[in-house]
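In: here is my input, please return the structure:
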Amino acid sequence: RAALHMWEEPPISGSRGSGTVFFSGCSLGCVFCQNEEISHKDRGVPVTAERLEEICRELVEKGAHNINFVTPTHFAHVLIPLLDGHPFPVPVVWNCGGYERVETLRQLEGKVDIYLPDLKYADDRLGKALSGAGDYFEVATAAIREMLRQTGPVQWDGEKVRKGVIVRHLILPGFVENSLKVLDWLGDTFAPGEIFKPGEVLVSLMRQYTPMPGMPAPLDRRITDEEYDSVLSWMYLNDLEGFVQDEEAADHAFIPDF
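Out: As a prediction, this is how the structure comes out:
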């Protein structure tokens, strides 16, 4: 799927939309994935590198504020040469699950303007059980540090981000303790005297979890108000700045039609 997307964070989607390009497949195997149709079932359309560049330019012509590559990691070998010389007149977004090799990210330096990684787990047992990645926390935190090294503090172009890192975290029902640990790491990392000060890296706290058919408990339900409020409070206690979602975001209507 390639289209203008209005449901990213406000400074990514802006008023005209983010030029999202969704790739089939994924480097993670999240059992609760809302995009399973393309992430696990390989639904997609094969295109050449030349056609991919055309698609990106068409999105720019439609008014896209940026080119937003979604789950692009396993196509890095195609995107790195595509982005040589930064051929697009808008920022490039690397929208990923956080499970990235530092060696790969270093090849993207100077080619990607905005990194939009997840930080899903601080508990590796949870990472292994739910995403097949028992080393998730170590890999993802190293990747985020590399992203921060490349971009530096968030830079704004009016009301839109033009460079920097926005770290996403999806709250999972029944696993509030994991969310609190994730926010603790983010708070410690971005505290004054560490890598960056609060506000120089943004955090997007997502409550959009929508249970897919056949999910076991507790993943068979949405998060409760109590769960959300406790995690949100912890975000503020850690002096983290960024974005939060309304309850209405937890709806199948917000899942793209592939």
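In: now do the helices in the stretch 51-200 of the chain.
Out: Ranges of helices within the stretch 51-200 of the chain are 76-82, 102-107, 124-131, 136-151, 176-189, based on DSSP state H, counting those that start in this stretch.
In: need the ones you listed in TSV with distance to Ile55, mean pLDDT and mean neighbour count, can you?
Out: Just so you know, the C-beta spots here come from the backbone N, C-alpha and C atoms, and that holds for glycine as well. As requested, the helices of the stretch 51-200 of the chain are exported to TSV (distance: least, CB to CB, whole Å; pLDDT from 0 to 100; neighbours: other CB atoms under 10 Å):
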stretch	distance to Ile55	mean pLDDT	mean neighbour count
helix 76-82	11	95	15
helix 102-107	22	98	14
helix 124-131	29	96	18
helix 136-151	25	96	20
helix 176-189	34	94	19
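In: how about those in JSON lines, adding distance to Pro91?
Out: Formatted as JSON lines, the helices of the stretch 51-200 of the chain follow (distance: least, CB to CB, whole Å):
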{"stretch": "helix 76-82", "distance to Pro91": "15"}
{"stretch": "helix 102-107", "distance to Pro91": "17"}
{"stretch": "helix 124-131", "distance to Pro91": "28"}
{"stretch": "helix 136-151", "distance to Pro91": "10"}
{"stretch": "helix 176-189", "distance to Pro91": "23"}
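In: relative to Glu37, which of those helices is closest?
Out: Nearest of the helices of the stretch 51-200 of the chain to Glu37, taken as CB to CB: helix 124-131 at 17.6 Å.
In: so how far is the closest one from its chain's centroid?
Out: 18 Å (CA atoms, centre = their mean, to the nearest Å).
In: who are the packing partners of the least confident helix or strand in the chain by mean pLDDT?
Out: None of the helices or strands of the chain scores lower by mean pLDDT, DSSP states H and E than helix 36-39, at a mean of 77. Applying 3 or more CB pairs under 8 Å, 6 or more residues apart in numbering; DSSP states H and E, we find helix 36-39 packed against no helix or strand.
In: all strands in the stretch 151-258 of the chain, in order from the N-terminus.
Out: Counting by DSSP state E, counting those that start in this stretch, the stretch 151-258 of the chain has strands at residues 155-157, 160-170, 202-206, 242-244.
In: most tightly surrounded among these?
Out: strand 160-170 (a mean of 22; mean count of other CB atoms under 10 Å).
In: state the mean pLDDT of it.
Out: Per-residue pLDDT over strand 160-170 has a mean of 96.
In: need the contact partners of that strand.
Out: Contact partners of strand 160-170, identified using CB atoms under 8 Å, 6 or more residues apart in numbering, comprise 9, 11-12, 14, 65, 91, 113-120, 144, 147-148, 151-156, 179, 182-183, 186, 200-206, 208-209, 242-243.
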